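Engineer: My questions concern the predicted model and sequence given below.
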Amino acid sequence: MSFASLGLHKTLINTVTERGYSNPTPIQNAAIPAILAQRDVMAGAQTGTGKTAAFALPLLHRLLAQNDIDQTSEAGLNNQKYKKISVLVLTPTRELAQQVYNSFTMYSKDSSVQSVVVYGGASINTQISALNKGCDVLIATPGRLLELLTKNLIKLHELKTLVLDEADRMLDMGFIVDIQRILTKVPSGRQTLFFSATFSNEILALSKTLLKNPKLIEVDQRNATASKVEQVVYQVDNNQKSALLSFLIGSKNWKQVLVFTRTKQGADELAKEMQKDGIATQAIHGDKSQGARDRVLADFKAGKVRALIATDIAARGLDIQNLQYVVNHELPYNAEDYIHRIGRTGRAGSTGLAVSLVSEKENYLLADIGKLVEENFNPRWFPGFEPDLNAPSETKKKREPSKKALRAHALGVDRKKNKKPQRRR
Ligand code: AMP
């Protein structure tokens with residue numbers, strides 16, 4: 001099927017053609033007609049499948065078609081002057097919010113549709129003045145949106161469509177209460193579009209409270225990793241991982257590689273070590289200011305930074321065109337994060353390579369991931385970086401901490417005091 005045969009507005013057809021999209025992706029083929037028909041949608045799709053355009057294009061179509069009608073009547077011209085927020089997209093992270101905003105502005109560049117993005121860590125006054133100029137589409141992280149709502153700086157009573165993007169990650173980040181509060185401020189007759197890369201019972205329970213007779217779309221096997229990504233696992237001792245990583249980047253001449261660590265501190269330390277090895281490296285995580293994160297990302301995209309070290313939360317939503325290499329310097333405690341990580345490469349049909357550096361201590365995590373993605377990983381040794389078999393076994397040294405304890409440690413949670421993880425807004 002072509003974009004034109006989906007019945008989209010000509011402005012949108014022109015933009016996607018300019019962007020070089022020859023045909024809709026499977027999720028776009030399934031979601032666009034349902035969204036145009038005003039149905040609720042619950043979609044599970046692999047990351048990088050074109051899901052942003054799957055909701056952005058039909059929602060923009062509706063706004064453009066309304067604008068065409070408004071041009072012909074005086075009441076309509078007034079409508080255009082006093083824009084009301086008609087679409088709200090909620091995202092878990094600032095980066096994803098910015099990414100979705102970029103997509104909306106890019107697809108609607110030749111029209112009067114206005115999109116605004118709001119998130120924490122950036123000036124609220126700048127965001128308010130952008131909102132005051134008129135806003136059809138608002139893209140927001142939950143915390144900043146609630147701040148604007150409670151200060152009565154925006155109203156959502158005319159909202160037509162609510163989109164929850166990466167709903168699984170929103171729950172992981174503890175946004176459920178914020179989402180429930182936001183839901184009390186939006187009309188019950190709205191259309192709701194629910195996107196999640198992975199499904200859990202919690203996600204299904206939330207979707208049931210939000211959606212009315214949704215069209216269920218699943219373009220690929222649940223919890224499957226991006227299909228065009230080759231996955232390689234090297235068994236390597238912890239103290240050799242950084243050297244092996246630098247060696248891989250140098251010897252294979254990788255120009256742009258995204259590397260994952262579990263903690264912010266780990267990301268900073270690894271970045272320093274790799275800089276010492278002469279590789280242009282930067283870290284991106286929640287402790288960096290928004291300005292610093294934007295700069296690092298821009299430098300990475302422009303090829304000035306060769307290796308970008310990221311934590312799971314910071315990396316969510318990053319869309320780097322043609323990213324070919326992803327490295328797991330440490331495996332994630334949460335197996336589903338592996339899917340998100342390696343989904344950063346092999347996007348929209350291109351191929352990618354995901355390399356995991358796995359120490360003996362992490363073998364149980366690899367087993368969990370293998371079960372989830374139904375992959376029989378076959379760990380290899382890299383010549384010159386073979387594990388030291390004479391060293392005392394890491395796993396026998398002391399009792400393995402529970403996965404819960406390790407995850408709490410990575411999130412900086414004091415479990416004894418039962419403190420909740422700090423949310424980034
Ligand atoms: P997303 O899954 O929304 O993060 O999109 C992943 C990437 O696919 C983005 O870089 C989009 O620009 C690109 N993309 C979206 N739709 C298409 C399409 N129909 N053909 C080719 N690329 C696309």
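Structural biologist: Now that the structure is in, tell me what you want to look at.

Engineer: ok, Thr351 touching Leu323?
Structural biologist: No. Thr351 is beyond contact range of Leu323, at 11.0 Å (criterion: Cβ atoms under 8 Å). Every C-beta, even on glycine, is put in place using the N, C-alpha and C of the backbone.

Engineer: Give me the more crowded residue out of those two.
Structural biologist: When Thr351 and Leu323 are compared for neighbours, Leu323 comes out ahead with 21 against 12, by other Cβ atoms under 10 Å.

Engineer: phi, psi of the more buried one?
Structural biologist: Torsion angles at Leu323 (phi, psi; degrees, to the nearest 10) stand at phi -70, psi 120.

Engineer: hang on, Val116 in a strand?
Structural biologist: Yes. Counting by DSSP: H, G, I helix; E, B strand; the rest coil, Val116 falls inside a strand.

Engineer: contacting residues around it?
Structural biologist: By Cβ atoms under 8 Å, 6 or more residues apart in numbering, the contact list for Val116 reads 101, 127, 130-131, 135, 137-139.

Engineer: Quick one: which of these is the most crowded by neighbours?
Structural biologist: Ile139 (29 neighbours).

Engineer: Doesn't that one belong to a strand?
Structural biologist: Yes. Ile139 forms part of a strand when assessed by three-state DSSP.

Engineer: hey, what's it bridged with?
Structural biologist: Taking DSSP bridges as the rule, Ile139 bridges to Val89, Val117.

Engineer: So what sits opposite the closest residue to Arg380 other than its chain neighbours in the bridge?
Structural biologist: With Cβ to Cβ, 6 or more residues apart in numbering as the criterion, Arg380 has its nearest non-adjacent residue at 5.8 Å, and that residue is Tyr234. As for beta bridges, Tyr234 partners with Leu357, Arg380 under DSSP bridges.

Engineer: Now pLDDT and distance to the ligand too, for the contacts of Val116, in a markdown table please.
Structural biologist: Output for these, formatted as a markdown table (pLDDT from 0 to 100; distance: Cβ to the nearest ligand atom, whole Å):
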| residue | pLDDT | distance to the ligand |
| --- | --- | --- |
| Tyr101 | 96 | 13 |
| Gln127 | 95 | 23 |
| Ala130 | 94 | 23 |
| Leu131 | 94 | 25 |
| Cys135 | 95 | 22 |
| Val137 | 97 | 15 |
| Leu138 | 98 | 18 |
| Ile139 | 98 | 13 |
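
Engineer: Kindly indicate which of those residues lies nearest Phe195.
Structural biologist: Ile139 (13.4 Å; Cβ to Cβ).

Engineer: ok, that closest one to Thr11 distance?
Structural biologist: 20 Å (Cβ to Cβ, to the nearest Å).

Engineer: Could you do Asp299 as well?
Structural biologist: Asp299 is 33 Å from Thr11, by Cβ to Cβ.

Engineer: same check, this time on Phe104
Structural biologist: 13 Å.

Engineer: These two - which one has more neighbours?
Structural biologist: Each of Phe104 and Thr11 has its neighbours counted (other Cβ under 10 Å); Phe104 has more, 28 against 18.

Engineer: looking at it, that one is touching Val137, isn't it?
Structural biologist: Yes. Between Phe104 and Val137 there is a contact under Cβ under 8 Å: 5.4 Å.

Engineer: which residues do these two both contact?
Structural biologist: Common neighbours of Phe104 and Val137 (Cβ under 8 Å, 6+ apart) are 60, 89, 113, 115.

Engineer: Next, the contact list for the third one, please.
Structural biologist: Taking Cβ under 8 Å, 6+ apart as the contact definition, Val113 lies against 60, 63-64, 67, 104, 136-137.

Engineer: for those residues, which one is nearest Pro332?
Structural biologist: When the contacts of Val113 are compared against Pro332 (criterion: Cβ to Cβ), the nearest one is Phe104, at 30.0 Å.

Engineer: any idea how far the closest residue to the closest one other than its chain neighbours lies from Val89?
Structural biologist: Sequence neighbours aside, Ser115 is the residue nearest to Phe104 in space, at 4.2 Å (criterion: Cβ to Cβ, 6+ apart). Separation of Ser115 from Val89 (Cβ to Cβ): 9 Å.

Engineer: and Gly250, how many neighbours does it have?
Structural biologist: 13.

Engineer: doesn't it fall inside a helix?
Structural biologist: Yes. Remark: Gly250 belongs to a helix, assigned using three-state DSSP.

Engineer: tell me the SS of the residue lying closest to it once chain neighbours are set aside?
Structural biologist: Computed as Cβ to Cβ, 6+ apart, the closest residue to Gly250 that is not its neighbour in sequence is Ile279, at 7.2 Å. Put simply, Ile279 is coil when judged by three-state DSSP.
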